[in-house]
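Colleague: Pasted the sequence and its predicted model underneath.
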Amino acid sequence: MGGSCTGKTTVSRRLAATLGVPHVEIDALHHDPGWQEAPAELLQTRVRAALDSAPDGWVADGNYRSKLGSLVLERADTVVHLEPPFRVAFWRALRRTIVRTITREELWNGNREQIRHLFTRYWIPWWVLQTHRHYAREIPQRVAEHPHLELVHLKTPRELAELLDSIEPWAARV
């Protein structure tokens, strides 16, 4: 979990690969073609199906509290909260958005960053500016509501590297 451009997808893909479990990218389940957002009930159905299809474990990334409530947190055992400094997240957002706009990289379901979103409320750097502090406060509060969860709060590249290095590959456990 974390705000936009904190590294959620990159880290979760790596964790899932190391653990040998599926990666569930909630953004991909939320954004339909044409940037249409799945309604709450449909998103919940999609997320439940993705989690249920991985009985041996999964790594999910995303937030979507307003649509998912605590659905993912209730089923999780650990939350990795990524919170790099604002300047890092903002720079990532700016760079990533510009590159994706120029290269026309597909994100999910045919969606691409669009020039028309520059400097609008849909522009990811603007979203980071508005929400970075909010997620820093909200995520620990949400996790605290679920005493079964272990919270791993990472703020620096070194902390992240130490976590990733500490994860034992699934094949070594069997």
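Modeller: Perfect, I can see it now.

Colleague: Identify the residues contacting the closest residue in space to Gly62 that isn't next to it in sequence.
Modeller: Closest residue to Gly62 in three dimensions, ignoring its sequence neighbours and counting by Cβ to Cβ, 6 or more residues apart in numbering: Ile26, at 3.0 Å. Using the backbone N, CA and C atoms, a C-beta is placed for each residue, glycine as well. Shown in contact with Ile26 (Cβ atoms under 8 Å, 6 or more residues apart in numbering): 43, 47, 60-64, 68, 72.

Colleague: same thing but at 10 Å, please
Modeller: 8-9, 12, 43, 46-47, 50, 60-64, 67-68, 72 (Cβ atoms under 10 Å, 6 or more residues apart in numbering).

Colleague: Would you indicate which residues of the host helix or strand of Val11 are buried?
Modeller: Using DSSP states H and E, Val11 sits in helix 8-19. Within helix 8-19, the residues that qualify as buried by neighbour count (16 or more other Cβ atoms under 10 Å) are 8-9, 11-12, 14-16, 18-19.

Colleague: export the lengthiest helix in the chain as CSV, just CAs?
Modeller: When the chain is parsed with DSSP state H, its longest helix is helix 124-144. In CSV, the C-alpha atoms belonging to helix 124-144 read as follows (Å, rounded to 0.1, in the frame of the first residue of the first chain):
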residue,chain,number,x,y,z
ILE,A,124,-0.9,11.8,-11.8
PRO,A,125,1.6,14.4,-10.5
TRP,A,126,-1.3,16.5,-9.4
TRP,A,127,-2.8,13.5,-7.7
VAL,A,128,0.5,12.9,-5.8
LEU,A,129,0.6,16.5,-4.8
GLN,A,130,-2.9,16.2,-3.3
THR,A,131,-2.8,12.8,-1.7
HIS,A,132,0.8,12.0,-0.6
ARG,A,133,0.4,13.1,3.0
HIS,A,134,-3.1,11.6,3.2
TYR,A,135,-1.9,8.1,2.5
ALA,A,136,1.0,8.5,5.0
ARG,A,137,-1.6,9.1,7.7
GLU,A,138,-4.4,6.9,6.6
ILE,A,139,-2.6,3.6,5.9
PRO,A,140,-1.2,3.0,9.5
GLN,A,141,-4.7,3.9,10.8
ARG,A,142,-6.4,1.4,8.5
VAL,A,143,-3.9,-1.4,9.4
ALA,A,144,-4.4,-0.7,13.1
